[in-house]
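[1] Pasting the sequence and the predicted coordinates here, then a few questions.
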Amino acid sequence: MILTAQSCHMQRFLIVFLLFVNIVTARAQLSLYNSNECWSQFLLQPSGHQPVSQSDTCLVFVSNRYIHPDSLRFVDEYLDTTTLKYFFLEKLDGKWKVYQAASLAEAMGHLPHKKDIVVYAEGMGKIFTSNVERAELMSAQYDVNVVMFDYASINTSYRPSKNFRFARKNARLSAGQYLSLLEEFREARNNNAGWITGVKLTTFYHSMGNIILEQMIKKHNISAINTAPFIDNLVINAACVPQKRHARWVAQIHFARQIYVHYNRRDMQLKGAHLLTLKRQLGEKISRRRADNATYVNFHSTAGWQHSYFMNFPYNEFRLTPAMTGYFSRLFNGQGISSSELTALLASHKEVMRRENGTLSPP
């Protein structure tokens, strides 16, 4: 019993230590994203200006932050629940031109047509510039049109504990506006808008971004979007929401053809959220009570201690295996993945790992 208690104590100490290291690293990165040098790479165009030449690197942002057109940091760190702002971004000669759009349709009209679309909601700790980097990485690595739902998930003047509460509160408050965004996608699909016709649509929620989805379903009237599926894949990734009773709200989702829930019991950041909230997180470990309409994918053997295991990041030594890249590529391109295909993907990863470790045994 003493050994068990000691083991538990050491495990908690390790989690706290690694979280501390992660917080220090994250704050150092955030200072770079919030520097004058970084913000000078973003040029907000005057109202009414339209893109002249389309770049290969372009994104759409839908933001509920306050906008200050005359400031270097023209997108701030506070939530504006009164209205959504639409932006089209294109990268030319290493700098981002940011165009204001009157509607989602106007912004989407500037993106390359016939590319599959991913609507991406990030987790805690992202200012506008860091969200742009993540959206750009997803677009480049998976060859998709990315629509980033950009909400205020950190304040650079707050301490980590206050920012944890700040991010969770803002994610909850953003649920109604996110529902409005999905209503626009549904209307475009029903009206066969040119920018969405013939392409797949995926919604991807990472970490605290899943609070937006959870609150939208639990606290808002989703009947207008929930009559028939207009989304191909809905991905609940490393969810920083309580695991308990999650099946109740996931089971209410009828607007997506396939639902995927990703979890990893070694996820260090979710272990920290578990300690802070005293609740097991959905992206951490799944109980036997699962939603019948969802496919659950265990990344324990493939992701290690990672939290963001869906892309390769320049500042992270962790790299996705070919099997993981193939899996996420299919997800983000709206393709369905059967249980047998999923088993084969994960099995191929294990085989690669055994070969690399020299422990591959005969079949």
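    That came through fine. Numbers count the residues shown, from 1 in each chain.

[2] Any chance you could list what contacts stretch 272-290?
    Contacts to stretch 272-290, defined as Cβ atoms under 8 Å, 6 or more residues apart in numbering, come from residues 12, 15-16, 19, 22, 164, 207, 210, 236-247, 261-265, 267, 270-271, 296, 298. For the C-beta atoms, the positions are set from N, CA and C on the backbone; glycine is no exception.

[3] Any of these buried? List them.
    Neighbour counting by 16 or more other Cβ atoms under 10 Å classes 15, 19, 22, 164, 207, 210, 236-241, 243, 246-247, 261-264, 267, 270-271 among the contacts of stretch 272-290 as buried.

[4] Which members of the residues you listed are positioned in strands?
    236-237, 261-263 (DSSP state E).

[5] Specify which member of those is nearest to residue 78.
    Distances from residue 78 to those, taken as Cβ to Cβ, are shortest for residue 237 (26.2 Å).

[6] need the contact list for that closest one.
    Neighbour list for residue 237: 204-207, 210, 262, 283, 310 [criterion: Cβ under 8 Å, 6+ apart].

[7] Redo those as JSON lines? Include pLDDT.
    Output for the contacts of residue 237, formatted as JSON lines (pLDDT from 0 to 100):
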{"residue": "204", "pLDDT": "98"}
{"residue": "205", "pLDDT": "98"}
{"residue": "206", "pLDDT": "98"}
{"residue": "207", "pLDDT": "97"}
{"residue": "210", "pLDDT": "98"}
{"residue": "262", "pLDDT": "97"}
{"residue": "283", "pLDDT": "97"}
{"residue": "310", "pLDDT": "97"}
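
[8] In helices only, show me these.
    Counted as lying in helices by DSSP state H, out of those, are residue 210.

[9] Now do the buried residues in stretch 187-197.
    Those would be 187-189, 193, 195-196, for stretch 187-197 by 16+ other Cβ under 10 Å.

[10] State the pLDDT value of residue 27.
    Per-residue pLDDT puts residue 27 at 55.

[11] how about the strands in the stretch 1-150 of the chain?
    42-44, 58-63, 65-67, 75-79, 85-92, 95-101, 117-121, 145-150 (DSSP state E, counting those that start in this stretch).

[12] Contacts for the last one next, please.
    Residues from elsewhere that reach strand 145-150, judged by Cβ under 8 Å, 6+ apart: 59-65, 75, 104, 108, 111-112, 115-122, 126, 128, 131-132, 134-136, 138-139, 174, 178, 181, 199, 209, 212.

[13] Got the confidence number for residue 4?
    Looking at residue 4, the pLDDT reads 61.

[14] Same question for residue 89.
    pLDDT, residue 89: 97.

[15] pretty sure it contacts residue 62?
    No: using Cβ atoms under 8 Å, residue 89 is not in contact with residue 62, being 11.7 Å away.

[16] Show me the shaky parts of the chain.
    1-29, 53-54, 344-363 (pLDDT under 70).
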